[in-house]
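Asks: turn this into a structure:
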Amino acid sequence: MKGTYRCILPVLVAAALGCGASRRGDAAVFADAARTDPRGQPYVIGVSDVVRVTVWKDASLSADVAVLPDGTIILPLVGAVPAAGTTAAGLQAKVAEKLAAFTKDPVVTVSVAEVNSYRFTVAGNVEHPGMFASKYFVTISQAIALAGGPNRYADTADVVLVRGDRRISIDYDGILSGKSPEQDIVVLAGDALRVP
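Replies: Numbering: from 1, shown residues only. Reported below is the predicted structural model:
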């Protein structure tokens with residue numbers, strides 16, 4: 001029996017250390033998420049968003065256009081303009097540059113008319129799992145609320161946020177109790193939340 005405990009003890013210690021290392025790594029993610037919160041930065045245009053391009057004193061060159069799957073928009077006279085991955089100000093400069101070849105000193109305004117590219121997934125033990133879209137950025141707790149909240153089988157102390165190839169442990173109970181408010185980070189487009 002003693003031999004069994006000797007074999008198990010190193011495994012338990014390694015697991016505990018590994019979990020601690022993971023939590024420390026997640027703390028860096030939470031700090032980075034607070035610094036780079038997208039709600040305080042210019043919106044980055046994505047595929048399926050609709051942008052409004054207005055050319056002053058030329059209604060024929062103005063249009064509301066959707067960003068195509070290849071990331072471009074198609075405008076009268078100038079054709080395809082790369083839009084995905086840029087801000088409204090960046091797109092405005094690109095459109096003005098293209099129009100300068102056809103008209104003298106074009107005055108261009110670009111705004112985002114519809115946000116359609118912000119989508120994320122909430123899966124697992126929630127009332128209504130699935131893919132969700134929102135017109136504004138939501139936090140972890142808001143995303144889970146959109147999915148109807150945890151169901152009675154959920155283990156809310158061990159929610160996982162999958163962002164690219166990274167898995168981030170989230171203490172949802174800590175968020176709700178106010179013990180871990182820093183973990184209630186903004187869900188980014190393409191993120192997936194898993195409630196075990």
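
Asks: show me what counts as buried in stretch 90-110.
Replies: For stretch 90-110, burial by neighbour count (16 or more other CB atoms under 10 Å) applies to 90-92, 94-96, 98-99, 106, 108, 110. Where you see a C-beta, it was placed from the backbone N, CA and C, and this is true even at glycine.

Asks: and for stretch 158-172?
Replies: Using 16+ other CB under 10 Å as the test for burial, stretch 158-172 gives 159, 161, 163, 168-172.

Asks: how long is that stretch from one end to the other?
Replies: 7 Å (CA to CA, to the nearest Å).

Asks: show me how far that stretch is from its chain's centre.
Replies: Stretch 158-172 sits 13 Å away from the centroid of its parent chain (CA atoms, centre = their mean, to the nearest Å).

Asks: from residue 53, how far off is the residue lying closest to residue 143 once chain neighbours are set aside?
Replies: Of all residues not flanking residue 143 in the chain, residue 187 sits nearest, at 4.8 Å (CB to CB, 6 or more residues apart in numbering). Per CB to CB, to the nearest Å, residue 187 is found 29 Å from residue 53.

Asks: compare the two (neighbour count), which wins?
Replies: For residue 187 versus residue 53, neighbours defined as other CB atoms under 10 Å are more numerous around residue 187 (28 against 25).

Asks: inside strands: which ones of the buried residues of stretch 158-172?
Replies: Using DSSP state E, the members of those that fall in strands are 159, 161, 163, 168-170.

Asks: ok, residue 196 - how many residues close by?
Replies: Residues within reach of residue 196, counting by other CB under 10 Å, total 14.
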